[in-house]
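Visitor: Can you look at this prediction? I've put the sequence above it.
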Amino acid sequence: MRLYSRFLTEPSTIDWSQMRQIGSQHEIPYDSLPSIDVKDEEKCRDILKRVVVVKLNGGLGTTMGCHGPKSLIEVRPGLSFLDFALLQNKVQFLQTRYKCRIKHG
């Protein structure tokens with residue numbers, strides 16, 4: 001609640017000098033994630049219920065000090081904002097296929 005309150009009351013600019021990297025203890029390498037049988041619909045549904053997708057909407061790039069075509073900015077190795085927008089279609093597919101709701105915002 002404290003962070004949400006700050007979000008509502010502070011100006012919409014980012015002071016980059018206050019930013020710090022998230023520690024590696026909060027990261028899980030993709031290759032270390034367990035694989036599942038996609039035919040096991042109940043297991044897939046259980047996992048997808050715990051997935052959260054975060055999407056940055058228009059306007060945030062400029063606020064964050066980015067210039068130029070922001071959709072082409074690489075935000076993860078090999079993935080741009082545009083790539084993430086296209087992945088949104090996959091989220092919709094998974095929700096329909098496994099009859100579940102994936103949280104996103």
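Guide: Cool, got the structure.

Visitor: CA atoms for contacts and neighbours, from now on please.
Guide: Noted.

Visitor: now the helices for this protein?
Guide: 2-9, 41-48, 60-63, 81-98 (DSSP state H).

Visitor: For Ile22, which of the ones you listed is the nearest?
Guide: Set against Ile22 and scored by Cα to Cα, the helices of the chain come closest in helix 2-9, at 16.6 Å.

Visitor: can I get the helices of the chain in TSV with mean pLDDT, distance to Tyr30 and mean neighbour count?
Guide: Shown next, in TSV, are the helices of the chain (pLDDT from 0 to 100; distance: least, Cα to Cα, whole Å; neighbours: other Cα atoms under 10 Å):
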stretch	mean pLDDT	distance to Tyr30	mean neighbour count
helix 2-9	80	28	9
helix 41-48	89	15	14
helix 60-63	68	26	14
helix 81-98	79	16	14
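
Visitor: how about a markdown table for these, with distance to Ser35 added?
Guide: Putting the helices of the chain into a markdown table (distance: least, Cα to Cα, whole Å) gives the following:
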| stretch | distance to Ser35 |
| --- | --- |
| helix 2-9 | 34 |
| helix 41-48 | 10 |
| helix 60-63 | 34 |
| helix 81-98 | 16 |
